[in-house]
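sequence and computational prediction follow.
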Amino acid sequence: MFRFHDIAWSQSSEDYPRGIIAGALESGSLDLWDAEKLQIGPRLGNKHQSIVGSAETWQRFVSGSLD
């Protein structure tokens, strides 16, 4: 189970027709999921080593972390 501080959903693209969902998790990580594969596949990855307090989309994902 994931507990979120914040969540953002990107616009669709050629590679991700339903967009990407980014979650700033309680654990401090930023995890990414392909929205089309969310029910059948794994997350896309964790992009930070320190705590992430927010996530936002604006043409690309932007996240806030100390690293």
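Thanks, I have the structure now.

how long is stretch 10-24 from one end to the other?
14 Å (Cα to Cα, to the nearest Å).

actually, stretch 38-53.
For stretch 38-53, the first-to-last residue distance is 22 Å (Cα to Cα).

ditto for stretch 31-48
Using Cα to Cα, the two ends of stretch 31-48 sit 9 Å apart.

I'd like the average pLDDT over stretch 28-43.
Average pLDDT, stretch 28-43: 78.

any stretches of this protein with poor pLDDT?
Residue ranges of the chain with pLDDT under 70: 1, 39-47, 54-67.

ranges for the strands of it?
For the chain, the strands defined by DSSP state E cover 4-9, 20-25, 30-34, 45-46, 52-58, 60-65.

mind listing the strands the second one pairs with, and their directions?
The pairing partners recorded for strand 20-25 under DSSP bridges are strand 4-9 (antiparallel), strand 30-34 (antiparallel).

what's the neighbour count on residue 6?
Residues lying near residue 6 (other Cβ atoms under 10 Å) number 16. For the C-beta atoms, the positions are set from N, CA and C on the backbone; glycine is no exception.
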